[in-house]
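# Sequence first, then the predicted structure, then my questions.
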Amino acid sequence: MKRLMLGLIAIALALAVPSPASAGTGGGRAPDDLRELAHKLKVYIGSAIDVTALADEADYRQVFNREFTHITAENAMKWESVEPQRGVYTWEGADAIVRNAQRNGQHVRGHNLIWHNQIPAWLTEGVADGSIDAKELRRILRDHIFTEVGRYRGRIRAWDVVNEVVDDEGNLRQSIWLTTLGPGYIADAFRWAHQADPHAKLYINDYNLEWNTAKIAQTLNIVKDLKSKRVQIDGIGFQGHLGIQYDYPGDFPAVMRQFTDLGLEAAITEADVRMVLPVTPEKLATQADYYRNMLSTCAANRRCVEFTVWGFTDRHSWVPGVFTGEGAACITDENLAHKPAYDALLGVRRA
Ligand code: G3I
């Protein structure tokens, strides 16, 4: 009898205490897909989108619209895409992104207003040959921001107002903006973006910001400087381009807190985790850990509102074109089959 009682107590305890697997993730049924996960975590889960693939590939479109609650144009909203010739606007790609979002219950990240890359040739050449002077460049930048932000007013949740404006040494990045306009261009850009759409969340966005102390310090300076001038800045974007050949940035949660403690919201805006090819099961398991850690960092910080991957399929990823011999950075393979990283994300719970 006593043995039976002890057995019953043991069974009762086993039922009451979560198993180690569910204890780490908060228990409960695993969500069926990323959209359900996004609702459970109360974090938007997004992807960068290739507009050509969105139009031409039905399987890519279906998976994206089923899984994601947030969308970023991988290239279609960048300056060279929307104004390839001076005064000649090509909004087709950007419009397609916003239209897709409206039809599928997704929010939009506008990427981006100011960057040192993918600026149209007419602009870089004009500055280089002196036909565009500082006064005119400032006017051009203002027009660009009012035109693009104004076009999508009320339909973009968050704008990357400035992208990658700090270099890896922690200096303000050399660019036509800094060289021609001086550091005040950053505050001007935020002021203009706010005037053009007072409800959009305005972000500063960068890579290596998860761990590079020099970059973190300078970016904090920029945020504090804007706030001291009462310039509206709402968010900090951590791009999250990682590689499994490098240690995982274990300080990332503390770094995120340094920014959210200033009152900013946070987003992981371009997550991907590349590896040296060939793919092995061990590398995929490590990649899954990196993805899980990034989303867990967001889920553990009440001010982190968005986790966006930089492409959701290895079929379309910028990585192989830039890092020779590397790839397989996304959460699904070329055929859109789930990789361990996808399943790892589904296991994340709010702390
Ligand atoms: O538009 C031309 C097309 O006309 C031409 O036929 C084709 C031939 O190569 O090139 C096309 O342009 C390419 C463009 O993507 C659009 O597909 C460029 O060559 C290519 O360099 C460009 O790469 C993009 C890269 O930014 C540019 O720096 C990647 O797709 C995009 O994923 C990447 O995204 C950046 C983020 O915006 C900021 N953070 C880093 C991230 C990764 O580099």
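Happy to help now that I have it.
# Isn't residue 286 up against residue 244?
Yes: with contact defined as CB atoms under 8 Å, residue 286 reaches residue 244; the gap is 4.6 Å. Where C-beta positions appear, they are placed from N, C-alpha and C, glycine not excepted.
# Need the residues touching each of these two.
Counting by CB atoms under 8 Å, 6 or more residues apart in numbering, the contacts common to residue 286 and residue 244 are residue 275.
# And these two? Which one has more around it.
Between residue 286 and residue 244, counting by other CB atoms under 10 Å, residue 244 is the more crowded of the two (22 against 17).
# Look up phi and psi at the more buried one.
phi -70, psi -10 (degrees, to the nearest 10).
# what are the ranges of the helices in the stretch 151-300 of the chain?
Taking DSSP state H, counting those that start in this stretch, the helices of the stretch 151-300 of the chain run over residues 176-181, 185-196, 213-228, 252-260, 281-299.
# Just put those helices in JSON lines and tack on distance to residue 39 and mean pLDDT.
Formatted as JSON lines, these follow (distance: least, CB to CB, whole Å; pLDDT from 0 to 100):
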{"stretch": "helix 176-181", "distance to residue 39": "39", "mean pLDDT": "98"}
{"stretch": "helix 185-196", "distance to residue 39": "29", "mean pLDDT": "99"}
{"stretch": "helix 213-228", "distance to residue 39": "30", "mean pLDDT": "98"}
{"stretch": "helix 252-260", "distance to residue 39": "22", "mean pLDDT": "98"}
{"stretch": "helix 281-299", "distance to residue 39": "13", "mean pLDDT": "98"}
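# The ligand: which of those is closest?
When the helices of the stretch 151-300 of the chain are compared by CB to the nearest ligand atom, helix 213-228 sits nearest the ligand, at 13.7 Å.
# Residues of this structure that sit close to the ligand?
By the rule CB under 6 Å from any ligand atom, the part of the chain lying against the ligand is 74-75, 117-118, 163, 207, 239, 270, 318.
# Looking at those residues, state which has the most neighbours.
Counting by other CB under 10 Å, top hit in these: residue 270 with 27 neighbours.
# element containing residue 109, please.
strand 107-114 (DSSP states H and E).
# picking up where we left off before, among the residues of the chain next to the ligand, which lie within strands?
163, 270 (DSSP state E).
# and the two most separated of the residues of the chain next to the ligand?
Among those, the pair separated by the greatest distance (CB to CB) is 75 and 207, at 16.3 Å.
# can you give me the end-to-end distance of stretch 309-323?
Taking CA to CA, to the nearest Å as the measure, stretch 309-323 stretches 18 Å from start to finish.
# Tell me which residues are up against that stretch.
Stretch 309-323 is contacted from outside by 46-48, 50, 53, 60, 63-64, 67-68, 74, 239-241, 243, 270-272, 274, 326-336, using CB under 8 Å, 6+ apart.
# Ok, stretch 74-89 next?
Contacts for stretch 74-89 (CB under 8 Å, 6+ apart): 48-51, 73, 90-91, 93-94, 96-97, 110-113, 115, 117-123, 144, 147-148, 310-311, 318.
# Please apply the same query to stretch 48-63.
If you take CB under 8 Å, 6+ apart as the criterion, stretch 48-63 is touched by 64, 71-76, 93, 96-97, 100, 111, 270, 308-313, 315-316, 332, 336.
# can we see that at 6 Å?
71-72, 74, 76, 93, 96, 310-311, 316, 336 (CB atoms under 6 Å, 6 or more residues apart in numbering).
# All good on my end, thank you.
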